[in-house]
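Chemist: could you look at this predicted model? Sequence included:
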Amino acid sequence: MIGRVVGKYKIRDQIGEGGMGVVYRAEHVVLGSPAAVKVLLPQFTKDPVVLDRFFTEAKAASAIRHVGITDVFDYGRLPGDQAFIAMELLRGEDLTSFLARHGTLDPSLAAEIVSQLLNALNAAHVVGVVHRDLKPDNIFLVRDSGAPGGIRVKVLDFGIAKLIGDPHGVKPKRQTKGDTILGTPSYMAPEQCRGGVDIDARADLYAVGCILFELLTGRPPFVAEGQGEIMAMHIYEPAPRLSQYARSLPPELEALIAKMLTKAPDDRTPSAAWALAALERVPLPPLAPGEIPLAAPGAVQAPADPEDVPREKLPRWIPIAVIVVALAIAGLAIYLIGSSSTGITPKP
C-alpha cells in the first residue's frame, strides 16, 4: 500500500494494525494535508456484516459535525475491492494509555474530560447516532492549546453505532438481531448485556458513568474474571457507590454517577445535555492552568477492527519467558530423575 493513491490520498507509511485492517498515514495528493486511512483486509471485505460495520463508522461520523468527533473525509472501495476510510489524523494518546501513566485522575481533570465527552455525545445523539461501544480505548486525547488543560477529547470508532431515525439520509443496511450482543462488557448498559435491540442514547450515558467512575477510582464499577460474569453484574448487582473507593469527593458527583448507572433506562440520566449540566454544577475547583502532559507526540489512530469485544494481546516477551522457564524446569526434572535412578545425590 505504501505509495499508492487511495481516493484523494497518497499512502506514506503504516501507523497501526488491527485484527481486521491496517491504518496508514497519508497526504492529500493536491493539498498535501495529512490524513489517516483505514483499509479493511481483503478477506473481510467479502463479509457483509463486517463491511456494514466498517462503513457505519464513516456514515455515523459524517452525520455529526463536532470538534469532539473525528472528521471523516472520504470512504469507498479500492480497485481491488478493499474498503477504506480516510479521516482526520490524530496526534496524542487514548484514554487507556493516559490512565496507565497517571493512575486515578484529579477530579477537576476527570470532570473536564467527561464534560468534553458529553458535549460530543450530545451532538451525536441530536442527529440520531448512538455509539454503543464507549470505553477508554475509544476516547482519544489530543493537544489543543485552546482547550482547558491543553487537551481536546475526540470520540473514536463508531463501527457498531446505531443510526436512529435515518439521520442525514444515513441508514444501515442491516439491523442488529435481537440476540446479538455488541459492546465491551466493562462499560455495557444492562439492556445491552441482555442483547436487546431497543438501545438508545441512555446506553451511552451508562457507559460514561462507568468511565467517570474509573477515572476517579482507577477501576470500572464491576470487575470479574469472565466477560459473562461482568455482564451479569451489570444486570443484577447494584452499582458500587463512588465513596466506597474514593472518599472526600463532592456528594453531587457521587449522585450523578449513581444516576448514570441506574439499571432501568427510564430512571437513568435522560440525556447527555442533562448529565453535562449536572456535572457543571458539581463544586470542583477549576482545572489548574498549564498543559496536561500527554505521551510524546506521534500519530496514533484507532485500528480498523470492528470487533465487538477486543482481544487483549500479551507483550511478546511473556510467551518467550514462559517457554524458557518451562524448558528449565523440564531439564531440572530430567536431571533429578536421572540422578535418583543412578543413586547419585545431586549437589545443591
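Modeler: Arrived safely, thanks for sending. Keep in mind the model is a prediction, meaning the values are calculated, not measured.

Chemist: show me the helices in the stretch 151-300 of the chain, by range?
Modeler: Assignment of helices within the stretch 151-300 of the chain using DSSP state H, counting those that start in this stretch yields the ranges 190-193, 201-217, 227-236, 251-260, 272-280.

Chemist: the stretch 1-150 of the chain too?
Modeler: Taking DSSP H, counting those that start in this stretch, the helices of the stretch 1-150 of the chain run over residues 42-45, 48-63, 95-102, 107-126.

Chemist: deepest of the helices of the stretch 151-300 of the chain, which one?
Modeler: Mean neighbour count, computed with mean count of other Cβ atoms under 10 Å, is highest for helix 201-217 among the helices of the stretch 151-300 of the chain, reaching a mean of 25. Where C-beta positions appear, they are placed from N, C-alpha and C, glycine not excepted.

Chemist: pull the helix or strand with minimum mean pLDDT from this protein.
Modeler: The weakest-scoring helix or strand in the chain, judged by mean pLDDT, DSSP states H and E, is helix 317-341 (a mean of 48).

Chemist: state the distance from Ala111 to Ala86.
Modeler: Distance of Ala111 to Ala86, computed by Cβ to Cβ, to the nearest Å: 34 Å.

Chemist: repeat for Val282
Modeler: 39 Å.

Chemist: the more surrounded of those two?
Modeler: More neighbours sit around Ala86 than around the other of Val282 and Ala86, counting by other Cβ atoms under 10 Å; the figures are 24 against 17.

Chemist: so the more buried one touches Val5, yeah?
Modeler: No: look at Ala86 against Val5 with Cβ atoms under 8 Å: they stay out of range, at 11.1 Å.

Chemist: run a quick check on Ile199 versus Glu191, I expect a contact.
Modeler: Yes: counting by Cβ under 8 Å, a contact exists between Ile199 and Glu191, whose distance comes to 6.2 Å.

Chemist: pull the contacting residues for the nearest residue to Tyr245 once chain neighbours are set aside.
Modeler: Leaving aside its chain neighbours, Tyr245 sits nearest to Thr217 (3.9 Å; criterion: Cβ to Cβ, 6 or more residues apart in numbering). The neighbours of Thr217, taking Cβ atoms under 8 Å, 6 or more residues apart in numbering as the test, are 104, 242, 245-246.

Chemist: among those, which ones are buried?
Modeler: By the neighbour-count criterion of 16 or more other Cβ atoms under 10 Å, the contacts of Thr217 include these buried positions: 242, 245-246.

Chemist: coming back round to it: which one of the helices of the stretch 1-150 of the chain lies closest to Gly209?
Modeler: Each of those was checked against Gly209 via Cβ to Cβ, and the shortest separation belongs to helix 107-126, namely 9.3 Å.

Chemist: where does pLDDT dip in the stretch 101-250 of the chain?
Modeler: In the predicted model, the stretch 101-250 of the chain carries pLDDT under 70 at residues 159-182, 196-197.

Chemist: now, which of the contacts of Thr217 sits nearest Thr45?
Modeler: Taking the contacts of Thr217 together and measuring to Thr45 by Cβ to Cβ, the closest member is Thr104, at 42.2 Å.
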